[in-house]
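>>> How does the following fold in three dimensions:
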Amino acid sequence: YYSYEDRQALSGGKLSEGSSIYRNHFPYVGLTHQITSGISGSIQVGPNFTVGNPIYYVGGGTGERPGPFLGVNGTLTFSEAVSHDPRTFYSINVGQVMSDGSGLGYVTVSRNVGGSVGHLFTKKLLGSINGNYTRSDFPMNLDTNGQALATTGVSAGAFLRLNTSQRFQIYANYIYFRQLSEGFTGYIPGNGFGNTFTIGINYLHPIFF
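Next up, the predicted model:
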């Protein structure tokens with residue numbers, strides 16, 4: 001859920017504002033598998049779509065939103081296989097999701113690759129630090145040469161998860177994002193940045209085959 005009240009003012013009136021509120025939806029089916037004793041993998045796949053009026057560069061966009069887009073995330077986690085401490089793990093991840101560009105200006109398709117290092121502090125408390133590189137494509141917006149707009153950025157963050165029981169988890173996640181390239185012919189600045197803080201609850205329902 002995104003809310004951006006002052007985008008029009010910040011852009012100097014260069015963006016056409018349809019709504020300051022977006023709701024992003026990603027219902028998915030997930031599968032986790034223990035490949036070996038020290039390597040596990042997971043994947044999430046489902047339709048990803050955003051609800052909200054579009055915001056687009058005047059003269060550079062169609063003012064329409066694309067329909068549901070394929071959302072997919074995959075992760076490989078390495079524990080004892082590469083660590084001398086079984087409480088420490090490393091992971092790499094790739095993904096593709098749809099969003100409103102974290103307030104940068106329009107519905108985007110974001111592709112990312114990243115990694116993390118985590119540690120199990122106690123039997124119930126887990127923490128990690130992570131970093132990602134992201135490329136965001138604006139499929140319904142064109143530059144002056146008729147090419148689809150795209151921007152790049154990097155992010156870093158921290159994650160904490162508390163297992164309150166065998167099935168319930170409480171987690172908190174913080175992400176700092178830094179824009180690396182300009183977009184919308186300079187209306188998205190190359191030094192733009194943002195902060196995201198997420199809290200949530202997981203309920204685990206094991207299925208045995």
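
>>> if you count residues, which strand in the chain comes out on top?
The single longest strand within the chain, with elements called by DSSP state E, is strand 125-142.

>>> Touching stretch 35-47 from outside, list them.
Residues outside stretch 35-47 that contact it (CB atoms under 8 Å, 6 or more residues apart in numbering): 26-34, 68-82. Yep, even glycine has a C-beta here, placed from its N, CA and C like the rest.

>>> same thing but 7 Å
26-34, 68, 71-81 (CB atoms under 7 Å, 6 or more residues apart in numbering).

>>> CA atoms of the helix or strand following the longest strand of the chain as PDB?
Of the helices and strands lying after strand 125-142 in sequence (DSSP states H and E), the nearest is strand 148-163. Extracted C-alpha coordinates of strand 148-163, given in PDB (Å, rounded to 0.1, in the frame of the first residue of the first chain):
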ATOM      1  CA  ALA A 148      10.400   2.300 -22.900                       C
ATOM      2  CA  LEU A 149      11.700   4.100 -19.800                       C
ATOM      3  CA  ALA A 150      14.000   2.200 -17.400                       C
ATOM      4  CA  THR A 151      15.900   3.100 -14.200                       C
ATOM      5  CA  THR A 152      18.400   1.300 -12.000                       C
ATOM      6  CA  GLY A 153      19.000   1.400  -8.300                       C
ATOM      7  CA  VAL A 154      20.600  -0.300  -5.300                       C
ATOM      8  CA  SER A 155      19.200  -1.100  -1.800                       C
ATOM      9  CA  ALA A 156      20.500  -2.300   1.500                       C
ATOM     10  CA  GLY A 157      18.600  -3.400   4.600                       C
ATOM     11  CA  ALA A 158      18.200  -5.500   7.700                       C
ATOM     12  CA  PHE A 159      15.700  -8.200   8.700                       C
ATOM     13  CA  LEU A 160      14.600  -9.600  12.100                       C
ATOM     14  CA  ARG A 161      12.300 -12.600  12.700                       C
ATOM     15  CA  LEU A 162      10.900 -13.900  16.000                       C
ATOM     16  CA  ASN A 163       9.400 -17.400  16.100                       C
END
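
>>> No further queries at this time; thank you.
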